[in-house]
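Visitor: Model the following, please.
(one chain, ligands or ions: 1)
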Amino acid sequence: MTVDAATGRQDGDKMNAVVYSEYGDPSVFEQKEVDRPTPNDSEVLIDVRAASVNAGDCHLMRGSPFLVRFMYGGILQPKLQILGMDVAGRVEVVGKNVTRFHPGDAVFGDVSKCGFGGFADYVVATADTLVMKSADVSFEEAAVVPTAAVTALQGLRGAGQIQSGQNVLINGASGGVGTFAVQIAKSFGADVTGVCSTEKMEIVRSIGADRVIDYTREEFTEHRQSYDLILDTAASHSLFDYKRALTPEGTYVMVGGPVGRLFQAMIFGPLLSVVGSKNLRNLLMEPNKDDLAFVKELLETGTVKPVIDSRYALAEVPEAIRYLEEGRAKGKVLVTLDANGS
Ligand SMILES: NC(=O)c1ccc[n+]([C@@H]2O[C@H](COP(=O)([O-])OP(=O)(O)OC[C@H]3O[C@@H](n4cnc5c(N)ncnc54)[C@H](OP(=O)(O)O)[C@@H]3O)[C@@H](O)[C@H]2O)c1
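Guide: Below is the predicted model:
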């Protein structure tokens, strides 16, 4: 085995990866040399240039909420070895049924439905989870997009039925999903209010929010202002509070927050929606290449600019996840492998 001095990559059929074999805090991860995955006929092998960290990686690392162990994991021990759902890189090998991509193509996408694996030199993905990356968008920018931006889009356009001219509030506007949601809502012609903590107000203003509310000083649910659409990534209030803050025909979409609140919204949201014409609902994002392609266009036209808080090397994935879990990030946390390479 030899190692490329410039990239630190191994040749042959081995690769560097950040692996784990038990649930726990970020110390469960270690960087190891493992076998490079082999794509099947409908998959491609991607040479990963950048990956981003998502709350989903944190849940799978901890095996919490317990439901994720049924969905992806393994009840006692994780079945997945390598986490990382958002990747950008170059296609290295294509399966024989793949016609959309060729070796050398720059691509990005959400590989969660293909078994994760983005925190590694190489990952396999089914071709229908990927879109082409244009030269105007860097690997770093592309890698932070798939989960967070598509969640924001599906919450606003799908579940929220956003319309131009609406008053839209994004609760948790400074995070990964929130920073995309503010910009996507503006692109639909909405008047956007972002809610975040004091030190993150400037970033939310800078991405185009018309108003920013500091939740450490005021409660938007107690204002007289009401909203046509509330997209909530923090679930910091009760459903009754959110309902009160909606216009008579308004819609509330819960995307994230503490698990208990998510279950409350799943159970009681439909019940509370029966009375009157306000609508309270949950969103579970479904990776979808058409939605990703829609966001890609917003990126290429400069309508949406990813907010990248910090960059970590592959070996620093534990620190990257710890940082995200601490809630300090403004926007997205990135893992770079060889993001400046061609
Ligand atoms: N439904 C789905 O399919 C789906 C998909 C992706 C993500 N998610 C979920 O969505 C949530 C957000 O994800 P993310 O990637 O955006 O996480 P993130 O980057 O950590 O952002 C969360 C943001 O919430 C803000 N926040 C915390 N307490 C708040 C409060 N009381 N009021 C308003 N904002 C508050 C934090 O900013 P401040 O420091 O400013 O408070 C933080 O920036 C997570 O729970 C994640 O699991 C769900």
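Visitor: so what's the residue in the stretch 1-150 of the chain that the ligand sits nearest to up against?
Guide: Nearest residue of the stretch 1-150 of the chain to the ligand: residue 55, at 3.2 Å (C-beta to the nearest ligand atom). Just so you know, the C-beta spots here come from the backbone N, C-alpha and C atoms, and that holds for glycine as well. If you count contacts by C-beta atoms under 8 Å, 6 or more residues apart in numbering, residue 55 has them with 176, 256, 324.
Visitor: mind listing which of those residues are in helices?
Guide: 176, 324 (DSSP state H).
Visitor: Near residue 96, how many other residues are there?
Guide: For residue 96, the count of nearby residues is 9 (other C-beta atoms under 10 Å).
Visitor: With residue 87 instead?
Guide: 33.
Visitor: Give me the three-state assignment for it.
Guide: Each residue gets one of three states, and residue 87 gets strand by DSSP: H, G, I helix; E, B strand; the rest coil.
Visitor: Distance check, it against residue 121.
Guide: Using C-beta to C-beta, to the nearest Å, one gets 11 Å for the distance from residue 87 to residue 121.
Visitor: what's the overlap in contacts for those two?
Guide: Joint contacts of residue 87 and residue 121 (C-beta under 8 Å, 6+ apart) are residue 48.
Visitor: From the chain's centroid, how far away is the helix or strand bottoming out on mean pLDDT in the chain?
Guide: The helix or strand of the chain with the poorest confidence is helix 259-274; it has a mean of 86 (mean pLDDT, DSSP states H and E). The gap between where helix 259-274 is centred and where its chain is centred comes out at 23 Å by C-alpha atoms, centre = their mean, to the nearest Å.
Visitor: and for it, what are the contacting residues?
Guide: With C-beta under 8 Å, 6+ apart, helix 259-274 has contacts from 65, 235, 239-240, 243, 252, 254, 256, 278-282.
Visitor: go with 6 Å
Guide: 65, 235, 239, 243, 254, 279, 280, 281, 282 (C-beta atoms under 6 Å, 6 or more residues apart in numbering).
Visitor: Please apply the same query to stretch 131-147.
Guide: So stretch 131-147 is contacted by 49-52, 54, 85-86, 88, 106-110, 289, 292-293, 295-296, 299-300, 306, 308, 332, 334, 339 (C-beta under 6 Å, 6+ apart).
Visitor: before we move on, what SS does residue 224 have?
Guide: Applying three-state DSSP: residue 224 is coil.
Visitor: same question, residue 309
Guide: Applying three-state DSSP: residue 309 is strand.
Visitor: Residue 66 versus the closest residue to it other than its chain neighbours, what's the distance?
Guide: With sequence-adjacent residues excluded and distances taken as C-beta to C-beta, 6 or more residues apart in numbering, residue 309 is closest to residue 329, at 4.3 Å. Remark: distance between residue 329 and residue 66 (C-beta to C-beta) = 26 Å.
Visitor: Tell me which of the two has more neighbours.
Guide: Neighbour tally, residue 329 and residue 66, criterion other C-beta under 10 Å: the higher count belongs to residue 329, 21 against 10.
Visitor: so the more buried one touches residue 311, yeah?
Guide: No - using C-beta atoms under 6 Å, residue 329 makes no contact with residue 311, being 11.5 Å away.
Visitor: Quick check, pLDDT for residue 6.
Guide: Looking at residue 6, its pLDDT is 58.
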